[in-house]
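**Q** sequence? don't have it. structure:
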């Protein structure tokens with residue numbers, strides 16, 4: 001009697017199908033296309049037996065629900081990282097280490113806090129603007145109300161919130177380190193670091209979403225959308241009744257991405273993005289320097 005060999009375990013089938021669906025969704029570039037994915041196309045991408053896939057999901061709607069939950073949760077951009085770009089934490093620690101003498105005065109601590117905000121907010125804004133995975137996650141959030149109904153919708157919403165909560169915990173932890181190192185305290189005891197990071201994170205994400213919109217309008221591939229006149233020798237944007245709109249796009253791009261002189265270390269100036277300056281305003285509204293702070297390692301008078 002011979003035994004059957006080479007049968008792929010159901011859990012592996014499931015994971016390969018979900019990963020293949022995520023890849024196809026990212027390539028499509030819009031969460032709204034997920035429900036229009038052809039199951040046969042996913043099976044081909046996953047390289048799994050057709051019969052095995054249909055044993056796991058007898059109906060396409062079952063697969064769609066599981067894929068949306070996967071994209072919102074375990075397969076989410078937020079599932080294993082924070083909103084912050086990956087090297088932000090090490091950059092902040094190095095910045096504080098390199099400027100230890102500034103901790104001795106209130107002005108120095110304020111300048112160092114602002115530099116930390118400038119570096120982290122700008123890194124975060126640019127990383128989100130460039131991330132296809134983050135765009136897919138935000139598309140899921142934006143289309144949740146029309147994507148599915150009933151229990152599936154609630155499950156997807158819960159998965160989205162859980163993934164974002166894990167990300168927020170990392171951000172709160174990092175800001176807690178900054179608060180300890182620089183001697184920060186809440187302006188109002190009722191306001192916590194979690195309040196700041198929830199508001200600040202949403203602010204940076206909204207700025208990045210606007211930047212995605214603007215860069216898409218400016219992109220060269222907008223030829224396919226009828227936004228570019230191939231005969232234009234000016235700047236690649238059409239002049240067929242769309243010139244005012246093109247000027248508006250360029251204007252907003254300048255507001256978002258042209259550096260603005262702002263506070264720097266040791267009394268100097270530094271180039272700030274609009275996103276970073278806006279985030280600084282939120283930070284300084286929520287926290288203040290503790291006048292009784294003693295830097296780590298310093299002797300108390």
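**A** Alright, I've got the coordinates. Remember, predicted model here, so these are calculated numbers, not experimental data. Numbering: from 1, shown residues only.

**Q** Need phi/psi at the most centrally placed residue in the chain.
**A** By Cα atoms, centre = their mean, the chain has its centre lying nearest to residue 128, at 4.2 Å. When read as degrees, to the nearest 10, the backbone of residue 128 gives phi -70, psi -40.

**Q** Residue 289 too?
**A** Here is the backbone geometry of residue 289 (degrees, to the nearest 10): phi -80, psi 130.

**Q** Kindly give the local confidence score, pLDDT, for it.
**A** For residue 289, the model assigns a pLDDT of 96.

**Q** Then residue 165?
**A** At residue 165, pLDDT is 80.

**Q** and it, how many neighbours?
**A** Using other Cβ atoms under 10 Å, residue 165 is surrounded by 11 other residues. No exception for glycine: its C-beta is placed from N, CA and C like everyone else's.

**Q** Now do the helices in the stretch 151-300 of the chain.
**A** Applying DSSP state H, counting those that start in this stretch to the stretch 151-300 of the chain gives helices spanning 193-218, 243-257, 274-286.

**Q** per-stretch mean pLDDT over these, give me the minimum one.
**A** Looking at the helices of the stretch 151-300 of the chain, the bottom one is helix 243-257 with a mean of 88.

**Q** what's the spacing between it and its chain's center?
**A** Counting by Cα atoms, centre = their mean, to the nearest Å, helix 243-257 is centred 23 Å from the centre of its parent chain.

**Q** what do you get for stretch 106-122?
**A** 22 Å.

**Q** What are the buried residues along it?
**A** Going by neighbour count (16 or more other Cβ atoms under 10 Å), the buried part of stretch 106-122 is 108-122.

**Q** The strand or helix carrying residue 22 packs against which elements?
**A** According to DSSP states H and E, residue 22 maps onto helix 10-28. If contacts are counted by 3 or more Cβ pairs under 8 Å, 6 or more residues apart in numbering; DSSP states H and E, helix 10-28 sits against helix 39-46, helix 50-56, helix 60-72, helix 132-142.

**Q** and the ones you listed as a markdown table, adding distance to residue 193?
**A** Converted to a markdown table, the helices and strands packed on helix 10-28 look like this (distance: least, Cβ to Cβ, whole Å):
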| stretch | distance to residue 193 |
| --- | --- |
| helix 39-46 | 42 |
| helix 50-56 | 43 |
| helix 60-72 | 26 |
| helix 132-142 | 23 |
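
**Q** Which of these sits closest to residue 181?
**A** helix 132-142 (28.4 Å; Cβ to Cβ).

**Q** got the angle between that closest one and helix 60-72?
**A** 120 degrees (axes from the mean of the first three to the mean of the last three Cα atoms, to 10 degrees).

**Q** Run the chain-centre distance for helix 132-142.
**A** 9 Å.

**Q** Pick the one among the buried residues of stretch 106-122 closest to residue 171.
**A** The closest of the buried residues of stretch 106-122, once distances to residue 171 are taken by Cβ to Cβ, is residue 120, at 9.4 Å.

**Q** related to what we said a few turns ago, residue 176 is nearest to which of the helices of the stretch 151-300 of the chain?
**A** Across the helices of the stretch 151-300 of the chain, closest to residue 176 is helix 193-218 (Cβ to Cβ), at 6.0 Å.

**Q** Please name every helix or strand in contact with the closest one.
**A** helix 106-130, helix 132-142, helix 150-182, helix 243-257, helix 274-286.

**Q** how does it look with 10 Å?
**A** helix 106-130, helix 132-142, helix 150-182, strand 184-186, helix 243-257, helix 274-286 (3 or more Cβ pairs under 10 Å, 6 or more residues apart in numbering; DSSP states H and E).

**Q** can you put those in a markdown table and add distance to residue 211?
**A** As requested, the helices and strands packed on helix 193-218 are exported to a markdown table (distance: least, Cβ to Cβ, whole Å):
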| stretch | distance to residue 211 |
| --- | --- |
| helix 106-130 | 5 |
| helix 132-142 | 11 |
| helix 150-182 | 19 |
| strand 184-186 | 29 |
| helix 243-257 | 5 |
| helix 274-286 | 8 |
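
**Q** most neighbours per residue, which of the ones you listed?
**A** With neighbours defined as mean count of other Cβ atoms under 10 Å, these peak in mean count at helix 106-130, which reaches a mean of 20.

**Q** quick check: angle from it to helix 150-182?
**A** 150 degrees.

**Q** what's the angle between helix 106-130 and helix 243-257?
**A** Using the same axes, to 10 degrees: helix 106-130 against helix 243-257 is 140 degrees.

**Q** and helix 106-130 with helix 274-286, angle?
**A** Going by the same axes, to 10 degrees, helix 106-130 makes 130 degrees with helix 274-286.

**Q** what's the angle between helix 106-130 and helix 193-218?
**A** 50 degrees.

**Q** Just give the closest residue to the residue nearest to the centre of the chain, not the sequence neighbours.
**A** Using Cβ to Cβ, 6 or more residues apart in numbering and skipping residues adjacent in sequence, the residue nearest residue 128 is residue 208, 3.8 Å away.

**Q** Fine, thanks again, bye for now.
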